[in-house]
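> quick one: sequence plus predicted model below, questions after.
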Amino acid sequence: MKEICSFSLKELKNWMGENGENSFRAGQVFDWIYTKHALNFTDMSNVGKDLREKLAEQFSFPVLKLLKTQESEDLETIKFLWELPDQRRVESVLILSGDRRTVCVSCQVGCPARCAFCASGRQGLMRNLSPAEITEQVLHINHFLKEKGERVSHIVFMGMGEPLENYESVVKAIQIFHEPEGLNISQRRITVSTVGVVEGIHRLAKEELKVNLVLSLHAPNQHIRKKIIPYARKYPLEEVLMAMDEYTRLTKRDITYEYTLLAKINDHRKNAEELAKLLKDKQCTVNLIPYNPVEGLNLDRPKKETIENFRLILEDAGINTTWRYTKGKDIAAACGQLALQEAPTQNVAPEQSAAPSEKLALVNADLSQ
Ligand code: SAH
């Protein structure tokens, strides 16, 4: 069965045409789904009964089932756990910050990148999400916000998965998010975070999308980067940085580099100095992320003083930095934590699932413009 939230407006218009319907019906259906918050075809009252039935026969909607929400004590982050049609699970996080309502979305179940410090890739990649499985995360959270008179304002691909390894679905989801007759979220308010998949960066630079791109850098040189990020073996640092430069040139977007600070691995003075040199001539921001402990990993978060010194070295060299501590700490509001409890039989009680580990995916989310 097709998934209606995987269809762009143009595709839905084509479908209408192929099925002997007037193409303006596509706009009506889109409006019901994305702005009037319908959750089934029956409610689409200005769409004829025959067409509603045909849609219901051919399209599945919704594809995500909400299993659980968890709010942080400070009420600034809310985590949503979804069940997919094959019973696998993914999650999203809503971050409330000033006027911003940012959704951190997942794009894969698991992750192929297997970075040393990240919970999402520990079991590798299970599967890609379809466009609908991505767009519906935002759609349903928008629905949730509507009850408070609010709407999703920003989207970041910083949940589970590597967006540039599920390229088609991610690009399609971005187009649907941006659709003026749908959620109408500006491309400037959409951020993709990548581990550094060179072909994907080149490809994205040539799309008409112009979203913000963030690189998970985490090291000042190839030698250290290779130790932390297995993907660095395939995509050497120099090539990744060149691809990022090209992205800036073609899209006119500033670049953000993420740097997860791991005690005694990439947090030395000399690492900061080397990083400052590496990024000296670039129009960029470095987002410093103190490592958030993941159960079972033998890594440590640097001391506050070390982080502050690291930051000062970059700032003194004229590099703009941000450093944010975690939001949603008490609910372990990291994308990837709950969803790793795959089968329902392995499901644990909510108290247990709130392990004292969190990932800064959400903190980074504040970076999107
Ligand atoms: N695959 C994408 C999206 C991953 S999540 C990427 O690699 O960019 C977004 C950010 O959270 C990445 O920068 C990632 O490195 C960081 N992150 C993941 N686990 C973390 C942890 N335990 N502590 C701190 N940062 C973490």
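Here it is on my side, so go on. Numbering: from 1, shown residues only.
> tell me if the longest strand belonging to the chain is near the ligand.
In the chain, taking DSSP state E as the definition, the longest strand is strand 89-97. No - in terms of CB under 6 Å from any ligand atom, no part of strand 89-97 sits within range of the ligand; the closest distance is 11.0 Å. To be clear about C-beta, it is placed using only N, CA and C from the backbone, and glycine gets the same treatment.
> now do the buried residues in that strand.
The neighbour-count check on strand 89-97 (16 or more other CB atoms under 10 Å) flags Arg89, Val90, Glu91, Ser92, Val93, Leu94, Ile95, Leu96 as buried.
> can you name the next helix or strand after it?
Going down the chain from strand 89-97, the next helix or strand is strand 100-104, by DSSP states H and E.
> residues of that following strand that come out buried?
Residues of strand 100-104 classed as buried: Arg101, Thr102, Val103, Cys104 (neighbour count, 16+ other CB under 10 Å).
> what lines up beside it in the sheet?
strand 89-97 (antiparallel), strand 154-157 (parallel) (DSSP bridges).
> residues from the stretch 201-350 of the chain in reach of the ligand?
Residues of the stretch 201-350 of the chain lying near the ligand by CB under 6 Å from any ligand atom: Ser216, Glu258, Thr260, Ile289, Tyr291, Asn292, Val294.
> so where's this structure shaky on pLDDT?
For the chain, the stretches flagged by pLDDT under 70 are 324-369.
> so which residue of the stretch 1-150 of the chain comes closest to the ligand?
With CB to the nearest ligand atom, the shortest gap between the stretch 1-150 of the chain and the ligand falls at Cys118, namely 3.7 Å.
> what residues does the nearest residue to Thr194 once chain neighbours are set aside make contact with?
In this structure, Thr194 finds its nearest non-sequential neighbour in Leu164, 4.9 Å apart by CB to CB, 6 or more residues apart in numbering. Leu164 makes contacts with Val170, Val192, Thr194, Val195, Val197, Gly200, Ile201, Leu204, as judged by CB atoms under 8 Å, 6 or more residues apart in numbering.
> ok, so of the residues you listed, who is nearest Glu150?
For the contacts of Leu164, the residue nearest Glu150 by CB to CB is Val192; the value is 23.8 Å.
> can I get the residues of the stretch 201-350 of the chain next to the ligand in JSON lines including secondary structure?
Formatted as JSON lines, those follow (DSSP: H, G, I helix; E, B strand; the rest coil):
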{"residue": "Ser216", "secondary structure": "strand"}
{"residue": "Glu258", "secondary structure": "strand"}
{"residue": "Thr260", "secondary structure": "strand"}
{"residue": "Ile289", "secondary structure": "strand"}
{"residue": "Tyr291", "secondary structure": "coil"}
{"residue": "Asn292", "secondary structure": "coil"}
{"residue": "Val294", "secondary structure": "coil"}
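> just send these back as JSON lines, with neighbour count too.
Converted to JSON lines, those look like this (neighbours: other CB atoms under 10 Å):
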{"residue": "Ser216", "neighbour count": "26"}
{"residue": "Glu258", "neighbour count": "24"}
{"residue": "Thr260", "neighbour count": "27"}
{"residue": "Ile289", "neighbour count": "26"}
{"residue": "Tyr291", "neighbour count": "23"}
{"residue": "Asn292", "neighbour count": "23"}
{"residue": "Val294", "neighbour count": "20"}
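> between those residues, which sits nearest Val156?
Of all these, Glu258 has the smallest distance to Val156: 11.4 Å, by CB to CB.
> which residues pair with the closest one across the strands?
Legend: beta-bridge partners of Glu258 under DSSP bridges are Ser216, Asn287.
> just put the buried residues of strand 100-104 in JSON lines and tack on distance to Glu11.
As requested, the buried residues of strand 100-104 are arranged in JSON lines below (distance: CB to CB, whole Å):
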{"residue": "Arg101", "distance to Glu11": "27"}
{"residue": "Thr102", "distance to Glu11": "27"}
{"residue": "Val103", "distance to Glu11": "23"}
{"residue": "Cys104", "distance to Glu11": "26"}
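> the ligand next: which of those residues are close?
By CB under 6 Å from any ligand atom, no member of the buried residues of strand 100-104 lies near the ligand.
> can you confirm the residue nearest to Thr194 is in a helix?
Yes - under three-state DSSP, Leu164 falls within a helix.
> I'd like to know how many residues surround the nearest residue to Asp31 once chain neighbours are set aside.
Ranked by CB to CB, 6+ apart and with sequence neighbours excluded, the top spatial neighbour of Asp31 is Glu181, at 6.6 Å. Neighbour count for Glu181, taken as other CB atoms under 10 Å: 13.
> how close does Glu181 get to Gly27?
For Glu181, the distance to Gly27 equals 6 Å [CB to CB, to the nearest Å].
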